[in-house]
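Peer 1: here's a sequence, model it:
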Amino acid sequence: MHAAKIKPGNRKLSRFQVPHLMACGCQHRSNGRGLLLNSHFAIFIPSTLTVATLAKLMNMKLEYLQMRMRRVGMTEEANYDHILTSDYAVLLAEELGFKSIVDDEASFDIYAPPPHPNPSCLPSRPPIITIMGHVDHGKTTLLDNLRSASVAKGEAGGITQHIGAFSVPVKSQNLDDGSIKSITFLDTPGHAAFSAMRARGADVTDIVVLVEVINLIQKEGAQISMVVAINKMDKPGSDAESVKLALMSEGVQLEEFGGDVPAVLVSGLTGEGLVELVETLSAVAEMQDLRAEQTGPAQGHVIESNVLKGLGPVATVLIERGCLRTGSSIISGLAQGKVRRMTDSNGKTVSTALPGMAITVSGWKTLPKAGDEVLEGSEPDIKKALANRIRKAEAEALHEDIDAINSARRHDRESRLEGVEPSVLEDATASGPTELKLMIKADVSGSGEALEGALNGIGNNVAVSKVISTGVGDITESDVMMAKAANATLLGFSVSVPRSIMSIAARNDVPIATSDIIYRLVEDVRSRIIALLPTIKETKVTGEADVLQIFEIQLKGHQTMKVAGCRVINGLVQKNKFARVVRSGQIIHEGSLDTMRQLKKDVTEVRKGTECGLSFKDFSDLQAGDMIQMYDKIEKPGVI
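Peer 2: Numbering: from 1, shown residues only. A predicted model of the protein is given here:
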């Protein structure tokens, strides 16, 4: 059905449009009049704005907004740079479930400029190439040969735990003068816990090099070119053909089999095939004709960020458009700064950074988050945009808190109606699993982010881990005090903990675990979660005896005692073990033995096939045909 063009005054959704809105990924609720409203808070809209800006205000993909506009008859207006008035913008926002307020001041922000209308006239830029693969597939060693620096030796356990971004000069194969071009490489970690960092690398890359892996690129989209590097060809028995066939079976169409994906045989250790790999990458990049503006405000992404002594917060920024200069004002997420110093991947100070360069930028007032977009602007505009971003973030946090409070109060009301006291309810399993609260301090923000993703939610419906904060830098006394207040465990990833801080933590009963290897921290948290689970109690039968006959033994003072004449049929019957009586398949008594005799001689154990007399301390109703079992009680840790 073709939808009529949206007009001011027509603010309801048709019953045919409702199902399509749920695909936008926003949280909605119905007001009962056919209109879906965003369940969080209002968005601020300026008097005029482009379609691309409206999509960013709603945190929505531009393609989706354009598709929704075409469905309501706004095909001509669906271009990314089409300027909308506030009337149409408000109607579109409401059609997509958002309440909106027209306010130029509150809606102000800094955005990346729209794509250039004629990219072919722009100067070329270096290709951005991401090396992807699993742990120990030789990615870092491969790049070491290209940049002549050893990273693998400096990484804990020989595993890359950060994203490295650096430029490598290469000779262009299509230029006779032998002029030097550069290629920017992103060396992403292969460990599964760093999938978020790896995905961030794919978001800004032009070409992906797969090192002996098959499925990492399948989710990244068809717009990224791919080159396969079959590594470790120096090893005896290496079989490149089987790898190629495995790639084909997974849908990677290699050139030699009629596809469009080149495959290069390399050895990161010996350097074999690296020249061919660089030639292949250069050829693929030249076919893409990569171009970007080298003038105007800079745009890029934070690849990594940390705090360095003497420099404060620094960030590795990959420039994608424009030119970043020393002294420029920049913003990234909720962090702002003025570029004080820039260094390239070789540590050389530079005054300007062009597209394709990976540079370390100092001068931030606060630490930016890895993955956030970096934009350049005037200092007043950045201050205004930052204030609006902070206000929006606080509103989001406030609404999340309100939702949590309302949920808790509703739960409390329901419990009172059911006659359950809140104090009892708090201890009940209905209140949710026991939480192991974690506070992470990491050397760089990307590592902290990846570790948070690996640790959040470990456990089950009885006990689960929950990361309550993630920070960068060494563990300090204030971290210990915060962990004590929150009853949390401190985790340090590639950071140091002074002895004085360890002493303060010990005095305040604050657990601290540190490691340079992510596996160890994950295993430490798993063991702490298991310790919170109830133990699994099991019994292990060590011996069995059949009761053949009951004897009454005369004791002093005219007292008698019943003793069971038994034959041991399995295992070893020991007096110091737990004992139980089994009658007709049912356990009728559990306790311990009082006497164990053979021919009027007290003994402590009787083996299989031997007869003996047995009696219990507090049970005398033994009957012929009963079975007496000796067993151990075993407690095993819980299972996640």
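Peer 1: please name the residues that touch residue 352.
Peer 2: 323, 324, 325, 326 (Cβ atoms under 8 Å, 6 or more residues apart in numbering). Yep, even glycine has a C-beta here, placed from its N, CA and C like the rest.
Peer 1: just grab the bridge partners of the third one for me.
Peer 2: Beta-bridge partners of residue 325, counted by DSSP bridges, are residue 352.
Peer 1: please parse the chain into its domains.
Peer 2: 42-102, 122-288, 299-383, 434-532, 536-636 (the TED database).
Peer 1: what's the helix or strand that residue 479 is a member of in contact with?
Peer 2: If you go by DSSP states H and E, residue 479 is part of helix 477-486. Residues from elsewhere that reach helix 477-486 (Cβ under 8 Å, 6+ apart): 437, 439, 441, 468-469, 471, 488-490, 501, 504-505, 508-510, 512.
Peer 1: again, 10 Å this time
Peer 2: When contacts are defined by Cβ atoms under 10 Å, 6 or more residues apart in numbering, helix 477-486 is touched by residues 437-439, 441, 468-469, 471, 473, 475-476, 488-492, 497-498, 500-512.
Peer 1: beyond it, next helix or strand please.
Peer 2: Assigned by DSSP H and E, the successor of helix 477-486 is strand 489-493.
Peer 1: packing partners for that next one?
Peer 2: strand 434-442, helix 445-455, strand 463-472, helix 477-486, helix 499-507, strand 512-515, helix 518-532 (3 or more Cβ pairs under 10 Å, 6 or more residues apart in numbering; DSSP states H and E).
Peer 1: that one pairs with which strands?
Peer 2: Counting by DSSP bridges, strand 489-493 is paired with strand 434-442 (parallel), strand 512-515 (parallel).
Peer 1: quick check: angle from that strand to helix 445-455?
Peer 2: Using axes from the mean of the first three to the mean of the last three Cα atoms, to 10 degrees, one finds that strand 489-493 and helix 445-455 are set 130 degrees apart in direction.
Peer 1: ok, back up a step: could I get the domains of the chain as a markdown table with mean pLDDT and distance to residue 413?
Peer 2: Shown next, in a markdown table, are those (pLDDT from 0 to 100; distance: least, Cβ to Cβ, whole Å):
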| stretch | mean pLDDT | distance to residue 413 |
| --- | --- | --- |
| domain 42-102 | 88 | 27 |
| domain 122-288 | 70 | 39 |
| domain 299-383 | 91 | 37 |
| domain 434-532 | 89 | 23 |
| domain 536-636 | 90 | 37 |
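Peer 1: tell me the most buried of the strands paired with strand 489-493?
Peer 2: strand 434-442 (a mean of 21; mean count of other Cβ atoms under 10 Å).
Peer 1: okay, angle between that strand and strand 463-472 too, please.
Peer 2: Using the same axes, to 10 degrees: strand 434-442 against strand 463-472 is 20 degrees.
Peer 1: centre of the chain versus strand 434-442, how much separation?
Peer 2: With Cα atoms, centre = their mean, to the nearest Å as the basis, strand 434-442 stands 14 Å off its chain's centre.
Peer 1: next: stretch 101-113.
Peer 2: With Cα atoms, centre = their mean, you get 31 Å for stretch 101-113.
Peer 1: how about that stretch: buried residues?
Peer 2: 103, 106, 107, 109, 110, 111, 112 (16 or more other Cβ atoms under 10 Å).
Peer 1: next up, the contacts around the closest residue to the second one other than its chain neighbours.
Peer 2: Leaving out its chain neighbours, the residue that sits closest to residue 106 by Cβ to Cβ, 6 or more residues apart in numbering is residue 44, at 4.0 Å. Taking Cβ under 10 Å, 6+ apart, we find residue 44 in contact with 57, 100-109, 388, 391-392.
Peer 1: now residue 44: which helix or strand?
Peer 2: strand 43-45.
Peer 1: could you point out which element follows that strand?
Peer 2: Criterion used, DSSP H and E; the element after strand 43-45 is strand 48-50.
Peer 1: got a list of what the closest residue in space to residue 99 that isn't next to it in sequence touches?
Peer 2: Take residue 99 and drop its neighbours on the chain: the residue closest to it by Cβ to Cβ, 6+ apart is residue 42, 4.3 Å away. Shown in contact with residue 42 (Cβ under 10 Å, 6+ apart): 93, 98, 99, 100, 101, 103, 106, 395.
Peer 1: grab the most central residue of the chain for me.
Peer 2: residue 453 (2.3 Å; Cα atoms, centre = their mean).
Peer 1: pretty sure residue 362 is touching residue 342, no?
Peer 2: Yes: with contacts counted by Cβ atoms under 10 Å, residue 362 reaches residue 342, the gap being 7.8 Å.
Peer 1: between these two, point out the one with more neighbours.
Peer 2: Between residue 362 and residue 342, residue 342 has the larger neighbour count (other Cβ atoms under 10 Å), namely 23 against 17.
Peer 1: any idea which element that one lies in?
Peer 2: strand 335-343.
Peer 1: chain center to that strand: distance?
Peer 2: How far strand 335-343 lies from its chain's middle: 28 Å, per Cα atoms, centre = their mean.
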